[in-house]
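> Structure for this input, please:
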Amino acid sequence: MYTHSVLALALLLIICCREKAPPPLGRGFISWIWSVLTVKEETIIECSGLDAAINLRFLLFGVKLFAFACLYGFIVLVPVNAVWEFEL
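Numbers count the residues shown, from 1 in each chain. Now for the predicted structure:
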C-alpha cells in the first residue's frame, strides 16, 4: 500500500532534480574550477535556493577582504618590518 506512494515520491524527486540540475562540469582533473568560478548567481538561486546564494556571496566577500588584507600586508607591512629590524 505504501510502496506505491514511496515510488511515486521517488519518481517525483528524480524529475524535479533533473530540472534543477546545475550546468555540467568539464572533463579534466581541475576543469571544474572554471565552471564553479563562472556560474551565475541566478543559476545558484534556481538550483540551490536563496540561502545558498547569500552564503556564497558572504564567502566571496570574505575572500576579497582577505585578499585585500594580504596585499596590504605584503606592500606596506613587510617593507616596514624589514626597515624597522635594520634600524635596531
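> which secondary element of this protein has the worst mean pLDDT?
helix 2-19 (a mean of 57; mean pLDDT, DSSP states H and E).
> State the mean pLDDT of the following helix or strand past that helix.
Downstream of helix 2-19, the next assigned helix or strand under DSSP states H and E is helix 32-37. Helix 32-37 carries an average pLDDT of 76.
> which secondary structure elements does the strand or helix carrying residue 42 contact?
Assigned by DSSP H and E, residue 42 falls within helix 41-48. Judged by 3 or more Cβ pairs under 8 Å, 6 or more residues apart in numbering; DSSP states H and E, helix 41-48 is in contact with helix 50-72. The C-beta positions use only the backbone N, C-alpha and C, and glycine is treated the same way.
> continuing past the helix it packs on, what's the next helix or strand?
In N-to-C order, the element after helix 50-72 by DSSP H and E is helix 78-87.
> Give the burial count for residue 39, as a bare number.
Other residues within reach of residue 39, judged by other Cβ atoms under 10 Å, total 14.
> can you check residue 44 too?
Residue crowding around residue 44 was assessed by other Cβ under 10 Å; the count is 18.
> Could I get the contacting residues of it?
52, 53, 56 (Cβ atoms under 8 Å, 6 or more residues apart in numbering).
> nearest residue to the last one other than its sequence neighbours?
Distances taken as Cβ to Cβ, 6 or more residues apart in numbering put residue 44 closest to residue 56, at 6.4 Å, once the chain neighbours are dropped.
> Would you mind measuring from that neighbour to residue 38?
12 Å (Cβ to Cβ, to the nearest Å).
> cool, residue 48 as well?
To residue 38, residue 48 is 16 Å away according to Cβ to Cβ.
> Between these two, tell me which one has more neighbours.
Between residue 48 and residue 38, counted using other Cβ under 10 Å, the more crowded position is residue 48 (14 against 9).
> mind checking how far the more buried one is from residue 62?
Computed as Cβ to Cβ, the residue 48 to residue 62 distance reads 19 Å.
> and what of residue 77?
Computed as Cβ to Cβ, the residue 77 to residue 62 distance reads 20 Å.
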